[in-house]
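Novice: Just a sequence and a predicted model for now, questions to come.
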Amino acid sequence: MSVRTRAVQNVTLSPHTLEHAFAQTARPTAGRFAIAAAALSVACALALSLSALAAPQAYAESLTTGTAATAPERTFEIEKLTDAYKAAKAKADAERRKADENEALIESIEQEELPEQQQRAEVAMVQVYKLNQNSLAVADSLLGSESLGDFLKQLDYFEHVNETGLAEIQQMRDLLDELDQARESLEAARDAAEAQEDAAFEELFALQQERALKKETGLEFAISVAGYQGEDEKSNAADDEDADDEDSDEDDADGDSDEDSDDADSDEDSDDESEDEEADEEGADKSDEPENPDEKIVVSDDTDGLDDGVDWFGDEDEFMAEWTERIDDYLDGTPLEGQGVHFARSAWRYCVDPRWSPAISYIESSNGAYCIRPHNAWGWGAADSDPYNLASEWDSWEEAIDAHVAGLAEGYGYTLSTTDARRYCPPGWRNWYNTVLGQMESI
């Protein structure tokens with residue numbers, strides 16, 4: 001199953017994340033629809049999930065404007081560039097191996113085979129030369145044979161010396177030809193390796209640029225929407241304060257008016273009293289409606305913690321070493337202990353803030369302590385229509401981590417934003433955002 005398919009199948013998560021955020025224990029699966037605001041958010045989240053399953057492209061376009069809207073495209077481009085870089089590097093490595101093999105062959109011929117063959121060929125050349133130069137002496141020796149058998153033996157000997165000598169000389173020629181061919185192949189392999197290495201470098205640079213751009217735009221988007229959210233909440237708070245002041249002034253005015261009209265009010269009939277009682281009952285009914293406690297939470301304006309400090313023009317080995325250690329330290333003593341290498345590898349592969357997935361696992365499952373399904377530490381796929389049965393499950397942490405990080409890259413973007421929080425945990429997104437951000441800052 002491709003990354004894109006996995007992400008589309010697991011786009012919307014359940015508001016059960018809110019219960020865990022508040023309780024920090026295993027989350028119940030019943031009684032959550034008592035909150036009216038949560039119920040509305042659940043309906044919206046479920047609608048997003050169903051629309052995403054039906055039409056992946058429509059889902060991508062339904063994201064808020066900004067970096068998140070291009071998350072699937074950027075992820076696909078990074079995967080394409082990664083494949084191109086790996087292919088070019090593999091070709092360069094293959095050509096380099098050919099060059100190394102030819103270089104080793106040349107060294108073996110020059111230092112081992114050639115000196116020995118030269119000695120044998122020199123001896124053979126002397127013997128062949130003597131035979132050719134002393135043909136009369138050879139003939140005399142043959143003619144002086146005492147018997148036919150002796151004649152044939154001498155003849156075989158002279159032919160053997162001549163053929164052996166010529167064979168040694170030919171082997172020397174073949175060895176020199178092989179040496180020349182190896183040298184030519186070495187130069188060709190070196191040229192091909194350099195060309196492929198240049199191609200691989202170009203692909204790598206393009207990949208690094210795309211990764212850096214994804215981080216830059218993702219971080220800018222996260223900071224901008226966080227700033228907008230903070231200003232919006234401050235504006236709402238100011239409006240609420242002004243409204244309270246106006247209500248207070250109206251109450252004072254009403255009090256003065258009531259004093260002046262006590263006699264007139266005393267003449268009101270029982271119908272007015274009945275209307276007042278009905279209004280009081282309606283007010284009491286409204287006051288009985290539960291409020292969403294998340295609405296009272298102020299979203300953190302600390303945007304410095306959104307920057308992971310990753311240099312995507314850096315080396316993969318250095319990235320792996322640093323983030324494996326940092327995430328392992330963060331997860332020490334939890335069910336996800338020792339999984340830092342998988343979080344780091346997947347973050348590098350999909351170009352995602354390496355802190356994001358581990359931090360989400362904290363609020364969703366206490367770092368894997370309370371998983372809704374096997375190895376599902378993130379509530380991934382647990383839509384509220386049927387959280388348990390819709391939630392994803394995996395056979396190992398390695399597989400689960402890779403799928404979750406791929407889903408973040410595909411469906412959300414580079415790093416945490418208030419927009420992502422609204423989609424990941426609609427009814428409790430403020431607490432979810434603040435908690436995840438705090439955990440990311442601690443990694």
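Specialist: Nice, I can see it.

Novice: What are the phi and psi values at Y362?
Specialist: As for Y362, its main-chain torsions (degrees, to the nearest 10) stand at phi -70, psi -50.

Novice: State the mean pLDDT of stretch 116-127.
Specialist: Averaging pLDDT along stretch 116-127 gives 87.

Novice: Can you give me the buried ones in that stretch?
Specialist: In terms of neighbour count (16 or more other C-beta atoms under 10 Å), stretch 116-127 has its buried residues at Q117, R120, A121, A124, Q127. C-beta coordinates here come from the backbone N, C-alpha and C atoms, glycine included.

Novice: Enumerate every residue touching the last one.
Specialist: With contacts defined as C-beta atoms under 8 Å, 6 or more residues apart in numbering, Q127 is in contact with V161, N162, T164, G165.

Novice: same thing with the second one?
Specialist: With contacts taken as C-beta under 8 Å, 6+ apart, R120 has the following neighbours: E168, Q171, M172.

Novice: Could you list which of these belong to helices?
Specialist: Using DSSP state H to define helices, the subset of the contacts of R120 located there is E168, Q171, M172.

Novice: Tell me how far the second one lies from Q118.
Specialist: When C-beta to C-beta, to the nearest Å is the yardstick, Q171 and Q118 sit 11 Å from each other.

Novice: what do you get for the last one?
Specialist: Computed as C-beta to C-beta, the M172 to Q118 distance reads 7 Å.

Novice: D83 now?
Specialist: In terms of C-beta to C-beta, D83 sits 50 Å off from Q118.

Novice: Dump the ones in helices among the contacts of R120 into TSV; add distance to H342, neighbour count and pLDDT as well.
Specialist: Rendered in TSV, the data for the ones in helices among the contacts of R120 read as follows (distance: C-beta to C-beta, whole Å; neighbours: other C-beta atoms under 10 Å; pLDDT from 0 to 100):
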residue	distance to H342	neighbour count	pLDDT
E168	62	20	88
Q171	57	15	89
M172	59	19	89
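
Novice: So which of the residues you listed is the closest to Y362?
Specialist: Each of the ones in helices among the contacts of R120 was checked against Y362 using C-beta to C-beta; the closest is Q171, at 73.4 Å.

Novice: quick one: contacts for the closest residue to the closest one other than its chain neighbours?
Specialist: Leaving out its chain neighbours, the residue that sits closest to Q171 by C-beta to C-beta, 6 or more residues apart in numbering is Q117, at 6.1 Å. Neighbouring residues of Q117 by C-beta under 8 Å, 6+ apart: E168, Q171, M172, L175.

Novice: how about stretch 397-415: buried residues?
Specialist: Those would be 397-398, 400-415, for stretch 397-415 by 16+ other C-beta under 10 Å.

Novice: mean confidence score for the host helix or strand of E364?
Specialist: Using DSSP states H and E, E364 maps to helix 356-365. Confidence over helix 356-365, taken as the mean pLDDT, stands at 97.

Novice: What lies in contact with that helix?
Specialist: The contact list for helix 356-365, computed with C-beta under 8 Å, 6+ apart, reads 13, 17, 20-21, 327, 330-331, 336, 343, 346-347, 367-368, 371-372, 376-379, 401, 404-405, 408, 415-416, 424, 432, 435-437, 439-440, 443.

Novice: Please report how far L142 lies from L155.
Specialist: To L155, L142 is 6 Å away according to C-beta to C-beta.

Novice: Y388 contacts R373, doesn't it?
Specialist: Yes. Under the criterion of C-beta atoms under 8 Å, Y388 lies in contact with R373, with a separation of 7.1 Å.

Novice: Among the two, which residue is more densely surrounded?
Specialist: Neighbours around Y388 and R373, counted as other C-beta atoms under 10 Å, are more numerous at R373. The numbers are 19 against 11.

Novice: list the contacts for the more buried one?
Specialist: The neighbourhood of R373, defined by C-beta under 8 Å, 6+ apart, consists of A382, Y388, A391, S392, E393.

Novice: how near is it to H160?
Specialist: In this structure, R373 lies at 83 Å from H160, with C-beta to C-beta as the measure.

Novice: just Y433 next, same as before
Specialist: 93 Å.

Novice: Pull the number of nearby residues for P374.
Specialist: P374 is flanked by 13 other residues according to other C-beta under 10 Å.

Novice: what angle separates whichever strand or helix holds I401 from helix 356-365?
Specialist: Applying DSSP H and E as the criterion places I401 in helix 397-411. Relative orientation of helix 397-411 versus helix 356-365 (axes from the mean of the first three to the mean of the last three C-alpha atoms, to 10 degrees): 110 degrees.

Novice: check contacts around the residue lying closest to S417 once chain neighbours are set aside.
Specialist: Closest residue to S417 in three dimensions, ignoring its sequence neighbours and counting by C-beta to C-beta, 6+ apart: A222, at 3.9 Å. Taking C-beta under 8 Å, 6+ apart as the contact definition, A222 lies against T67, T303, L306, G413, Y414, T415, L416, S417, T418.

Novice: Please identify which pair of those lies farthest apart.
Specialist: The largest separation in those, counting by C-beta to C-beta, is between T303 and G413 at 15.2 Å.

Novice: Now do the same for F76: helix, strand or coil?
Specialist: Each residue gets one of three states, and F76 gets helix by DSSP: H, G, I helix; E, B strand; the rest coil.

Novice: oh sorry, the question was meant for D311
Specialist: The local conformation at D311, judged by three-state DSSP, is coil.

Novice: And it, its phi and psi?
Specialist: The phi and psi torsions at D311 (degrees, to the nearest 10) take the values phi -100, psi 110.

Novice: and it, how many residues sit next to it?
Specialist: The number of residues packed near D311 is 12, by other C-beta under 10 Å.

Novice: per-residue confidence at it?
Specialist: 92.

Novice: what does D304 give?
Specialist: We have a pLDDT of 86 for D304.

Novice: Next, find the distance separating it from A222.
Specialist: Distance of D304 to A222, given as C-beta to C-beta: 12 Å.

Novice: before we move on, back to that, so Y433 and H160 - more neighbours on which side?
Specialist: Looking at Y433 and H160 with other C-beta under 10 Å, you find the greater number of neighbours at Y433, namely 26 against 10.

Novice: what's the closest non-adjacent residue to that one?
Specialist: Once its chain neighbours are removed from consideration, Y433 has its nearest residue in A421; the separation is 3.7 Å (C-beta to C-beta, 6+ apart).

Novice: following whatever helix or strand that neighbour lives in, which helix or strand comes up?
Specialist: Following DSSP H and E, the helix or strand that holds A421 is helix 418-424. Tracing the chain C-terminally past helix 418-424 and defining elements by DSSP H and E, one meets helix 429-442 next.
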